[in-house]
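>>> following is a predicted model, sequence given first.
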Amino acid sequence: MTTNATLPPRRSGEQPVLEAVNLKINFPVGGGLGKNQVVHALDAASVALTPGKITAVVGESGSGKTTLARLFARMYQPTSGTILLDEVPVDSKKLGRDYNRAVQMVFQDPFGSLNSMKTVRHHLQRPLLIHGHAKRGQAVEQRIHELLEKVKLTPTIDFIDKMPHQLSGGQRQRVSIARALAVEPRVLLADEPISMLDVSMRLDILNLLIELRDVDQLAILYITHDIASARYLADDIHVMYAGQIVESGSAQEVINGPRHPYTRELIGAVPDPDKLRENNLRSSHAERPAPGEPPNLITPPSGCRFTPRCPFATAACSEAFPSATEIGDRHQVACYWVANQKSSSCPDPV
């Protein structure tokens with residue numbers, strides 16, 4: 001049984017606050033011989049963000065993860081596809097503060113996303129005033145202290161007048177999160193928020209995101225190349241390769257039972273001393289993708305873009321990107337090999 005690949009997995013009764021349906025974007029290559037060429041950065045990606053859930057998009061660098069987040073933030077205009085806010089298509093001509101208030105983004109580099117010449121007070125005061133969440137004076141000051149407490153920068157008086165360079169990387173990222181929370185968003189787009197932090201600080205930021213999910217019921221999109229952090233943090237995981245979402249489902253299903261050849265390779269690359277012997281005994285050369293690099297997205301392979309490296313590829317894989325095959329509770333895989341296994345009831349090779 002196959003399903004439409006444009007439908008992201010969700011639990012019964014879930015109502016997404018923000019949703020991408022078949023998003024596609026091409027970036028023109030500027031100047032020279034490539035002036036008529038485009039980079040096919042994202043191809044028919046569908047992701048639903050639900051209140052009180054953290055959805056992770058994982059994949060290697062250049063797979064299109066950040067592009068997806070920036071499309072949600074409306075920093076780019078999609079070539080095709082639809083973004084829905086409360087199931088209503090977002091019209092770029094009617095965008096305003098309502099959408100910006102509902103959807104906020106936390107960037108990978110906290111130092112680069114903050115004005116190095118302004119204090120913490122300025123960074124938090126500005127969105128409060130622009131979006132009308134507090135009037136000038138004591139109300140603004142009180143709200144700033146509340147935001148700093150929320151992101152665990154206490155005592156707040158020690159941080160409110162500091163400049164970004166006077167803060168650690170983790171503290172700067174907390175200020176960035178507080179700034180996003182100042183407008184009382186419903187969706188938080190976190191683009192690799194821990195990748196530039198010291199290892200000792202990463203768990204604290206992940207736990208903060210978990211608290212925001214549980215207490216404030218935020219819908220959070222977590223962009224990462226680190227599948228271990230996605231396993232710790234996320235409720236759902238989408239695996240992306242070269243702009244295509246190849247596997248989606250609950251974090252437990254995807255991590256513990258990966259089915260797409262790329263997902264298997266991605267998870268297999270994570271060091272796990274406890275399973276090293278088991279993996280060595282079970283692995284075989286035929287199951288591993290052929291050596292190589294991700295494709296050139298100016299001239300990507302037709303069909304499934306993993307085809308040139310996939311040990312199970314057939315002629316059908318190069319003809320069209322497969323629709324998603326349901327293999328479990330909300331667990332979907334876009335792969336002809338998996339679909340054939342399911343239809344023929346063949347055991348999964350090990």
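Alright, I've got the coordinates. Residues are numbered from 1 along each chain as shown.
>>> what about Met240, how many residues nearby?
25 (other C-beta atoms under 10 Å). Yep, even glycine has a C-beta here, placed from its N, CA and C like the rest.
>>> just the pLDDT for the closest residue to it other than its chain neighbours.
Once flanking residues are discounted, Met240 sits nearest to Gly59: 3.9 Å by C-beta to C-beta, 6 or more residues apart in numbering. pLDDT for Gly59: 93.
>>> isn't Gly59 right up against Tyr241?
Yes: Gly59 lies in contact with Tyr241 (C-beta atoms under 8 Å); the separation is 5.9 Å.
>>> contact partners for Asp43?
With contact set as C-beta atoms under 8 Å, 6 or more residues apart in numbering, Asp43 has these partners: 24, 243-244, 300, 305, 321.
>>> repeat the analysis, applying 6 Å as the threshold.
Listed by C-beta atoms under 6 Å, 6 or more residues apart in numbering, the contact partners of Asp43 are 24, 243-244.
>>> where along the stretch 51-200 of the chain do the helices fall?
Assigned by DSSP state H, counting those that start in this stretch, the helices in the stretch 51-200 of the chain fall at 65-72, 97-102, 110-113, 120-130, 138-150, 169-181, 199-216.
>>> contacting residues around the longest one?
Contacts of helix 199-216 from elsewhere in the structure, counted by C-beta under 6 Å, 6+ apart, are 54, 170, 173, 193-194, 218, 220, 233.
>>> buried subset of the residues you listed as a PyMOL selection?
Those of the contacts of helix 199-216 that count as buried under 16 or more other C-beta atoms under 10 Å are selected in PyMOL with:
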select buried, resi 54+170+173+193+194+218+220+233
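>>> which of the contacts of helix 199-216 sits closest to Arg143?
Leu218 (18.0 Å; C-beta to C-beta).
>>> tell me the backbone dihedrals of Val239, please.
Dihedral pair for Val239: phi -100, psi 130, per degrees, to the nearest 10.
>>> pretty sure Arg121 sits against Ile160.
Yes: using C-beta atoms under 6 Å, Arg121 is in contact with Ile160, at 5.1 Å.
>>> shared neighbours, those two?
Counting by C-beta under 6 Å, 6+ apart, nothing touches both Arg121 and Ile160.
>>> can you say which of the helices of the stretch 51-200 of the chain is nearest to Asp86?
Closest among the helices of the stretch 51-200 of the chain, using C-beta to C-beta: helix 97-102, at 8.7 Å.
>>> what's near enough to touch the closest residue in space to Leu147 that isn't next to it in sequence?
Spatial nearest neighbour of Leu147, chain neighbours left out: Ala178 (4.2 Å); criterion: C-beta to C-beta, 6+ apart. Ala178 makes contact with 124, 147, 151, according to C-beta under 6 Å, 6+ apart.
>>> distance of the residue nearest to Met240 relative to Ser200?
Separation of Gly59 from Ser200 (C-beta to C-beta, to the nearest Å) stands at 26 Å.
>>> which one's more surrounded, those two?
Just comparing Gly59 and Ser200: by other C-beta under 10 Å the higher neighbour count belongs to Gly59, 26 against 8.
>>> ok, that one - contacts?
Counted by C-beta under 6 Å, 6+ apart, Gly59 has contacts 65, 240-241.
>>> ok, Asp235 next?
Contacts of Asp235 were listed using C-beta under 6 Å, 6+ apart, and they are 53-54.
>>> what about Glu247, which helix or strand?
Using DSSP states H and E, Glu247 maps to strand 244-250.
>>> run the chain-centre distance for the helix or strand following that strand.
Using DSSP H and E, the helix or strand that follows strand 244-250 in sequence is helix 251-256. Its chain's C-alpha centre and that of helix 251-256 lie 16 Å apart, by C-alpha atoms, centre = their mean, to the nearest Å.
>>> packing partners of the next helix or strand after helix 251-256?
Sequence order places helix 261-268 as the next helix or strand after helix 251-256, per DSSP H and E. The contact analysis (3 or more C-beta pairs under 6 Å, 6 or more residues apart in numbering; DSSP states H and E) places helix 261-268 against no helix or strand.
>>> and if we set it to 7 Å?
Packing partners of helix 261-268 (3 or more C-beta pairs under 7 Å, 6 or more residues apart in numbering; DSSP states H and E): strand 236-241, strand 244-250.
>>> ok, now which ones touch His165?
His165 makes contact with Ser116, according to C-beta atoms under 7 Å, 6 or more residues apart in numbering.
>>> Asp109 and Met196 touch, don't they?
Yes: using C-beta atoms under 7 Å, Asp109 is in contact with Met196, at 5.6 Å.
>>> which non-adjacent residue is nearest Thr119?
Asp161 is the one closest to Thr119 (C-beta to C-beta, 6+ apart), at 5.3 Å.
>>> now for that neighbour, how many residues are close by?
Count around Asp161 with other C-beta under 10 Å applied: 11.
>>> over to Asn340?
Asn340: 14 neighbours (other C-beta under 10 Å).
>>> and for Glu247?
Counted with other C-beta under 10 Å, residues neighbouring Glu247 total 28.
>>> cool, and Pro28?
Considering only other C-beta under 10 Å, Pro28 is surrounded by 11 other residues.
>>> could you export the contacts of Asp43 as TSV, including pLDDT, neighbour count and distance to Thr79?
Converted to TSV, these look like this (pLDDT from 0 to 100; neighbours: other C-beta atoms under 10 Å; distance: C-beta to C-beta, whole Å):
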residue	pLDDT	neighbour count	distance to Thr79
Lys24	96	16	5
Gly243	96	27	12
Gln244	97	24	15
